[in-house]
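J.: sequence plus the predicted model coming up.
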Amino acid sequence: MDANGVVVMPGKGPVWSMEPGRSSTVKLRNGETDESVMMFEEVAPVGTATPMHLHHDSDEIAYVLSGEITFKIGDAVTVGGPGTCAFMPRDVPHAWKSTGAEIGRVLFLYTPGRAGKAFEEMAERPAALDQFLAGAERHGWEIVGPAPF
């Protein structure tokens, strides 16, 4: 960890893509924060969705920068636009989908950052989505069902 803190400028940080048009940029890495937090920005084309999943070791926060994102957290479904913030506690099943008319951009934060290690690995060694999901289980993820949307 850098004792002086970390500043990541716009457009900077490792980038990876799980699917065509779906790119993510790492803003804070585990090693930079002593695993206290991991953050990345994702570009989510309309229709992009995650399967229902949970994280055993980390809480997740999503902040919608643009577009419209539908969140399912537990049994609750909420649609939000820019400025919407969603908290997904560890061990609570959740999923999201880009549902608006324009491409979504979402800032994701994991605390502690251990669950985010799967994304850092993806930035280092790009892989198909199914390979990513298989690797994510090593970092406390559990897939509990298909996308609910």
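T.: All right, it came through fine. Here the structure is a predicted model, which means the values were calculated and not measured.
J.: what's the distance between the spatially most central residue of the chain and Val37?
T.: Geometric centre of the chain, nearest residue: Phe108, 4.7 Å, by Cα atoms, centre = their mean. Separation of Phe108 from Val37 (Cβ to Cβ, to the nearest Å) stands at 11 Å. Using the backbone N, CA and C atoms, a C-beta is placed for each residue, glycine as well.
J.: counting by contacts, list what the helix or strand where the residue nearest to the centre of the chain lies packs against.
T.: In this structure, Phe108 sits in strand 104-111 according to DSSP states H and E. Under the contact criterion of 3 or more Cβ pairs under 8 Å, 6 or more residues apart in numbering; DSSP states H and E, strand 104-111 touches strand 38-44, strand 59-66.
J.: now the residue nearest to Ile73 when sequence neighbours are not counted: how far from Glu102?
T.: Spatially, and ignoring its direct neighbours in sequence, Ile73 is nearest to His94 (4.6 Å; Cβ to Cβ, 6 or more residues apart in numbering). Taking Cβ to Cβ as the measure, His94 falls 23 Å from Glu102.
J.: can you confirm Ala118 is in a helix?
T.: Yes. Assessed with DSSP: H, G, I helix; E, B strand; the rest coil, Ala118 lies in a helix.
J.: okay but it is in contact with Tyr110, surely?
T.: No. Ala118 is beyond contact range of Tyr110, at 9.6 Å (criterion: Cβ atoms under 8 Å).
J.: quick one, which of the two is more surrounded?
T.: Tyr110 (29 against 21; other Cβ atoms under 10 Å).
J.: ok, now how distant is the more buried one from Asp75?
T.: Distance of Tyr110 to Asp75, given as Cβ to Cβ: 23 Å.
J.: for Ile103, the count of nearby residues, please.
T.: The burial count for Ile103: 15, using other Cβ under 10 Å.
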